[in-house]
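**Q** build me a structure from this.
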Amino acid sequence: MAERAMRGTSNVHEFRPVIGKDGKYAIGKDGRFEVEQVWSWEEEGFFASTQGSAKRLLNGNTLLANTGKQFVIEVTPEGKTVARYKGTAPVYKAFKFTKEQIGDLIDSGQAPAGQRNE
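**A** Okay, the predicted model is just below:
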């Protein structure tokens with residue numbers, strides 16, 4: 001019910017602290033650290049009313065999870081969606097693995113340690 005009552009678009013922002021000429025974090029006249037926005041993203045329909053996550057990947061893309069709607073998307077630094085996964089259970093945290101990292105599981109047909117192939 002709360003999901004229906006709350007509507008909108010969630011967004012992701014990346015901020016970087018400003019470094020002063022002295023090599024220290026810059027502090028503004030109001031006494032707060034200064035930051036600059038270096039990246040942002042939003043997509044209509046991507047609304048996480050309570051939980052969501054964003055993780056920067058080694059390739060520069062960002063992996064975004066929407067817990068309530070049970071999906072994960074990968075977006076490029078330009079904001080283009082390059083992968084989308086829809087699950088059947090809440091996605092609290094997502095990771096991306098390369099084929100090289102899990103290739104043995106895919107190619108050999110072997111079950112992960114502690115599991116048996118039936």
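**Q** which parts of this protein are strands?
**A** In the chain, the segments counted as strands under DSSP state E are 11-17, 35-42, 52-56, 62-66, 71-75, 81-86.
**Q** in TSV, list those along with distance to Gly28, mean pLDDT and mean neighbour count.
**A** Placement of C-beta: from N, CA and C, glycine included. Formatted as TSV, the strands of the chain follow (distance: least, Cβ to Cβ, whole Å; pLDDT from 0 to 100; neighbours: other Cβ atoms under 10 Å):
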stretch	distance to Gly28	mean pLDDT	mean neighbour count
strand 11-17	12	91	13
strand 35-42	10	93	13
strand 52-56	26	86	15
strand 62-66	28	88	21
strand 71-75	31	88	19
strand 81-86	36	88	12
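**Q** so which of these comes closest to Lys96?
**A** strand 62-66 (5.7 Å; Cβ to Cβ).
**Q** note down every partner strand of that closest one and its orientation.
**A** Taking DSSP bridges as the criterion, strand 62-66 sits next to strand 52-56 (antiparallel), strand 71-75 (antiparallel) in its sheet.
**Q** any chance of the ones you listed in JSON lines, with distance to Lys86 too?
**A** Shown next, in JSON lines, are the strands paired with strand 62-66 (distance: least, Cβ to Cβ, whole Å):
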{"stretch": "strand 52-56", "distance to Lys86": "15"}
{"stretch": "strand 71-75", "distance to Lys86": "5"}
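**Q** mind checking which of those is nearest Ile19?
**A** That would be strand 52-56 among the strands paired with strand 62-66, by Cβ to Cβ, at 19.7 Å.
**Q** now distance to Gly23 too, for the strands of the chain, in a markdown table please.
**A** Formatted as a markdown table, the strands of the chain follow (distance: least, Cβ to Cβ, whole Å):
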| stretch | distance to Gly23 |
| --- | --- |
| strand 11-17 | 12 |
| strand 35-42 | 17 |
| strand 52-56 | 24 |
| strand 62-66 | 29 |
| strand 71-75 | 33 |
| strand 81-86 | 37 |
